[in-house]
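In: Here is my input; please provide its structure:
(2 chains)
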Amino acid sequence: MKTLTEEKLNVVNTSVEKVDGKALVRGKPVFTDDFDIPNTLTVKILRSPYAHAIIKSIDTSEAMIEGVACILTYKDVPHVIYTRAGQGYPEPSPYDTFVLDKKVRYVGDGVAIIAAETENIAERSMKLIKVEYEVLPPILDYEHAMDKDAPIIHDESEISGAYDPKRNIAAHYEMEIGNVEEELKKCDYVVDETYYTPNQSHAMMEPHGAISYFDPNGRLTIITSTQVPFHARRIIKRIFGVNSRVIKPRIGGGFGGKQALHVEPYVVAVTLKTGRPAKCIYSREETMTASNTRHAMRFRARAGAMKDGTLRALELWGLSNTGAYGEHALTVFMVGGSKTLPLYNKVKAVKFGGDVVYSNTEPAGAFRGYGAPQGMFPLDSVLDELAHKIGMDPIEFKLKNSIREGETSPIFKIMGEGREGVDQIINSCKIEECAVNGSKEFRWYEKKKQPRIDRQRQIAHGYGVAFAMQGSSIPAVDMGSATIKMNDDGTFNLLVGATDLGTGSDTILAQIVAEVLNTTVEKIIVYSSDTDMTPFDKGAYASSTTYVSGNAAKKAAEKMKREILNAASEIMNKPIHTLELDKDGVISEDGSTLSFSDLQTKLFYTFNQRQLEVTESFVSEVAPPPYLVSFAEVEIELNSGKVKVIDFLNYIDCGVPINPVLARGQVEGASAQGIGMALFEDHVMDKSGRIITNDFFTYKIPARGDIGRIQVRFVKSYEPTGPFGAKSVSEIGLDTPGPAIANAIFDAIGIRVRRLPIRSEDLFFEIRKKGL
Amino acid sequence: MKVKIKINDKDQFIEIDPGETLLETLRKLGYKGVKHACSTASCGACSVQLDGKPVLSCTTFTAAVDGHEVKTIEGFSDENSLSDVQKALIDEGGSQCGFCIPGLVVTAEALLSENPDPTQQEVIDYLKGNLCRCTGYESQTRAILKAAKERRLK
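Out: Numbers count the residues shown, from 1 in each chain, chains lettered A, B, ... in the order given. The predicted structure is shown next:
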């Protein structure tokens, strides 16, 4: 698979095999739970059955049965407040979490840590712990979190960084450019509606898990399924005051769910207490109910336009549920505006803001798209509604008002993540090509002429389109770095802090280095995400690895190239300007050559002896957005309200895809998760606040066969600030399925759905009401 | 209790607890390719072949497979080779995080031994129980159809 690019490239923009591909398809023991360390204790967590309660007493005496090494309660762990969020430091998330606390704030909150010789003993012991609770009234509906008589969830004196915890407000944000109220008055058409997006579960196949142990020299070592090893190390130091080494092995999916500390503090507490290795692997139920979800959000969206389709004003005013704890509260909410609204930069006024509230539900956190899917559902939907009101084709309406190359939006500067953003001019934006080429392939205009309802078969077909943007990294905040070491066998070690969680980042970073060094990916031996061995990287989030870590890898490779040419110039006794890299070596103008292997061997043993090794770091000044236009065809059974996505066509501008097959996989996978969020993934809570959709039977992620066709097309694009023209690709695909499907349903049967997931029973009642 | 199970063509005599699941036994023996993801027979990650048929090892008692033959992902390739299904999964990008892949491979192999020429719909139907959260399934379907075609041409 090849896509077009201006540069003449050997390795980049080709679909080389994933560097960990063989190990993964062979089922090699590469995941956290696959590591067996002798003498390891099994760790289990006793969890609260109440949504909001104070622990009056815990009696563990009967639970200390034979084979139990320790039981730790809030009295036994450091009373240090922190945030689980794995973000740049200082984190823009409130410090509102303890390893264990006297108060529990959702069903599933930790109460005690049990460490035993076997899982069986740990489970038996857990049942013997006696806890007396003072049960408090909970807030289970986040829309009532700010009610006058609402209980206060975070009344601890140590809390810091939350906006107004006494009113259960974890974060608040607002901004306005121009005057939306005044501009809306001048509009010929205005739409003002409210939209909801749900608390989707990440449902990565590998549950959360971690192991901790002292290495032979007494260094605390943590093997953990994390997206943020360096942040994990920093937070563990904050909580326990100990230095540690964090190793990320292969990760069985994360999607943002592992951009927070979940299991690490529990195993570390046990290892510090007992001196023994400790392993804790969450059950599926714990992964579903006691980790993180997407922030459920409500947005009131207002949009106004003139008769000719000129969009004049936009507003998104929201309420976000961060659940029991505030990890990523402010930043996810802000991305709901900062990575959606700049797409429509031609408006005269734009406003964004609202509150992020605590409630006694599973904490929300980072989830692929990081607020953009929650913002894009209302934004794209309201524009679709407005287009219909004007009587304009939604593609034409959105294209007329969307951003183009060479343009900017004041929002880039005003809104960053948790703080001000950065100014940027858009260097690459092929959204018009995406829309035009996509509508041709999808046969948008032909399909729009076809009848939608087939009375005979009682089915309807509808066609929807959605536009999206994202970012590439958190500019001026997040840093990535890379070390390259040359070996005497002609290979290079690439050491990166970057965190491959299945995305293929180890592979694309190796491709970037191989391209610069004129070698092949087989010669680049990648080691990633070991805080003692690899240089720092912020971790895998914010669509930043290709862009930030990729630029760091490219810088390091360019420096290595200079070092190689310098050394070759000395060894070959030729002026440096006469030398160039050739396949796996150096060639001079006169045709004489020196292989990489010979060069480093000479430097090791016989000539001006030294190890060639370089480290470079990269922080971006800008965050060039990728762009996406997605087309959905849905089929609706009028007798049941069941919706099936028949065809989902993506046209994406992600700059030059470093590895087209892997890039395609990112978009296909994100589309599927977005379709899940739009149609299937629905959490149900009982009256006590317990999530009863706690496994794959009750919480339905899309299975094979639930989705028709997902297709991905890359448009030719080149981002000058990206490594070899690349931008991000991993998150944006989740932004479009929600609105595209809702728009398609409206197109099919004239029913506008403003709440995700779209339940067939709800739609069925609407179909009945409409008499279809 | 003691059971005899042939695992990947090797007879093994194993001491087990009566309530032990095949998933626990296999992982304890070092077959770490058998993945534990749900415990409720709803994701397919723990799939192994029992006498050539795919089963979910998380809900199969080890005691019940006494005298039978089990094949895990480790039995489908060695250090020097990959099966055509594994190769196709890599080529098509069908393995992202890789956690669902062992279960997928053993189930796909069972499909191809039953039906060497499956249609796209037959691939989807047979593998419905194997969830994947990374790929959206498209690349995996492409890979299995490609491997099936190559196998038929051999």
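
In: how about B:L112, secondary structure?
Out: helix (DSSP: H, G, I helix; E, B strand; the rest coil).

In: Ignore what I typed, I meant A:F648.
Out: Following three-state DSSP, the label given to A:F648 is strand.

In: from memory it sits against A:D706, does it?
Out: No: with contact defined as C-beta atoms under 8 Å, A:F648 does not reach A:D706; the gap is 12.0 Å. For the C-beta atoms, the positions are set from N, CA and C on the backbone; glycine is no exception.

In: what sits in contact with each of those two?
Out: Common contacts of A:F648 and A:D706, defined by C-beta atoms under 8 Å, 6 or more residues apart in numbering or on different chains, comprise A:I675.

In: Flag the shaky bits of the stretch 301-450 of chain A, pLDDT-wise.
Out: Regions of the stretch 301-450 of chain A meeting the criterion pLDDT under 70 are absent.

In: Nearest to chain B: which residue in it?
Out: In the stretch 301-450 of chain A, no residue comes nearer to chain B than A:R368, which is 10.4 Å away by C-beta to the nearest C-beta.

In: The stretch 51-200 of chain A now?
Out: Counting by C-beta to the nearest C-beta, the stretch 51-200 of chain A gets nearest to chain B through A:N120 (8.6 Å).

In: ok, then the element right after the stretch of helix or strand that residue belongs to?
Out: Following DSSP states H and E, the helix or strand that holds A:N120 is helix A:119-127. Later in the chain than helix A:119-127, the nearest helix or strand by DSSP H and E is strand A:130-135.

In: list the helices and strands that next one packs on?
Out: Applying 3 or more C-beta pairs under 8 Å, 6 or more residues apart in numbering or on different chains; DSSP states H and E, one finds that strand A:130-135 makes contact with strand A:53-59.

In: how about a cut-off of 10 Å?
Out: The elements that strand A:130-135 packs onto, with contact taken as 3 or more C-beta pairs under 10 Å, 6 or more residues apart in numbering or on different chains; DSSP states H and E, are strand A:53-59, strand A:103-104, strand A:110-116.

In: Let me have those strands in CSV, adding mean neighbour count as columns.
Out: Shown next, in CSV, are these (neighbours: other C-beta atoms under 10 Å in any protein chain shown):
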stretch, mean neighbour count
strand A:53-59, 16
strand A:103-104, 24
strand A:110-116, 25
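
In: what about stretch A:576-588, start to end distance?
Out: End-to-end distance for stretch A:576-588: 9 Å, by C-alpha to C-alpha, to the nearest Å.

In: List the buried residues in that stretch.
Out: For stretch A:576-588, burial by neighbour count (16 or more other C-beta atoms under 10 Å in any protein chain shown) applies to A:L579, A:L581, A:D584, A:G585, A:V586, A:I587, A:S588.

In: what residue is smack in the middle of chain A?
Out: The centre of chain A sits closest to A:R368, judged by C-alpha atoms, centre = their mean, with a distance of 3.0 Å.

In: how far away is that residue from A:G669?
Out: A:R368 is 9 Å from A:G669, where distance means C-beta to C-beta, to the nearest Å.

In: give the contact list for B:V85.
Out: A:25, B:76-77, B:94, B:101, B:104-106, B:108-109, B:111-112, B:140, B:143-144, B:146-148, B:150-151 (C-beta atoms under 10 Å, 6 or more residues apart in numbering or on different chains).

In: Only the buried subset of those, as a ChimeraX command please.
Out: Buried residues among these (16+ other C-beta under 10 Å), as a ChimeraX selection:
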select /A:25 /B:76,77,94,101,104,105,106,108,109,111,112,140,143,144,146,147,148
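
In: quick one: which of the contacts of B:V85 sit in strands?
Out: Secondary structure from DSSP state E places none of these in strands.

In: Now, the contacts of B:V85 that are in helices?
Out: Using DSSP state H, the subset of the contacts of B:V85 located in helices is A:25, B:101, B:104-106, B:108-109, B:111-112, B:140, B:143-144, B:146-148, B:150-151.

In: What average pLDDT does stretch B:21-35 get?
Out: Taken as a whole, stretch B:21-35 has an average pLDDT of 98.
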